[in-house]
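*Asks:* Sequence and predicted model, in that order:
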Amino acid sequence: MKVLTAPLAIVKVDGITIGKMRNITCTETFRRGRVSGLGELTPQELPATEWNGTMTCEFYETEFENAGIPEAIKRRAGSLKDFVDNVLLQEEGVDVTIYKKIADTTDPVTGLIKSKLQKHATIKGCFIDREGLNIAEGQFAAHNQDFTYVTPILYSL
């Protein structure tokens, strides 16, 4: 199996391909307690006490309103109260799926390789923590989003 490279990666939310994405980073962290006991310097146990999943995305900025993960934050609000209520009352995060483009078949007439998408990972229940933009001299403008997600990346048996 070949390594996943950026040109082979496709990122989708609700079946819609996310365009102009520069990078995506998912990190899952386990917090562990230390059980040492009297007379012990080193831990005797390291029980897991907490799990945390975070995702960071960076995009090429085209226009702030339409950049980033769709529906992560709804900025089209009639008032500040509507915006705040939407943030406070959001119960469902967005699901982000990363696909890898792989070879499927070869056209017998042209010899061209046809591709298909293979699911690489799904990040479920992403809630936005931060959104911003960056403009620097001599660089492309960037749009950034940080998320916390509620379910570890899992695969079927």
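*Replies:* All right, it came through fine. All figures in this text were calculated on a predicted structure; none of them were measured in a lab. Residues are numbered from 1 along each chain as shown.
*Asks:* pLDDT below threshold where in this protein?
*Replies:* 1 (pLDDT under 70).
*Asks:* Contact partners for L112?
*Replies:* Applying CB atoms under 8 Å, 6 or more residues apart in numbering, we find L112 in contact with T106. C-beta coordinates here come from the backbone N, C-alpha and C atoms, glycine included.
*Asks:* which residues touch stretch 114-130?
*Replies:* 4, 9-10, 26, 53-55, 69, 72-73, 90, 92-107, 144-151, 153.
*Asks:* C-alpha coordinates for that stretch, PDB please?
*Replies:* Provided in PDB are the C-alpha atoms of stretch 114-130 (Å, rounded to 0.1, in the frame of the first residue of the first chain):
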ATOM      1  CA  LYS A 114      -9.500   5.200 -13.200                       C
ATOM      2  CA  SER A 115      -9.500   6.200  -9.500                       C
ATOM      3  CA  LYS A 116     -11.800   5.700  -6.600                       C
ATOM      4  CA  LEU A 117     -11.900   7.100  -3.000                       C
ATOM      5  CA  GLN A 118     -11.000   4.900   0.000                       C
ATOM      6  CA  LYS A 119     -12.000   6.100   3.400                       C
ATOM      7  CA  HIS A 120      -8.900   6.900   5.500                       C
ATOM      8  CA  ALA A 121     -10.400   8.300   8.700                       C
ATOM      9  CA  THR A 122     -13.600   9.900   9.900                       C
ATOM     10  CA  ILE A 123     -13.400  12.500  12.700                       C
ATOM     11  CA  LYS A 124     -16.900  12.600  14.300                       C
ATOM     12  CA  GLY A 125     -18.500  15.400  16.400                       C
ATOM     13  CA  CYS A 126     -16.200  18.300  15.700                       C
ATOM     14  CA  PHE A 127     -17.000  21.400  17.700                       C
ATOM     15  CA  ILE A 128     -15.200  24.600  16.700                       C
ATOM     16  CA  ASP A 129     -12.900  26.200  19.400                       C
ATOM     17  CA  ARG A 130     -11.100  28.900  17.300                       C
END
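*Asks:* Start the count at 7 instead of 1 going forward.
*Replies:* Got it, the first residue is 7 from now on, which makes the last one we talked about stretch 120-136.
*Asks:* just the buried members of the contacts of stretch 120-136?
*Replies:* 10, 16, 32, 59-61, 75, 78-79, 99-100, 102-106, 150-151, 153, 155 (16 or more other CB atoms under 10 Å).
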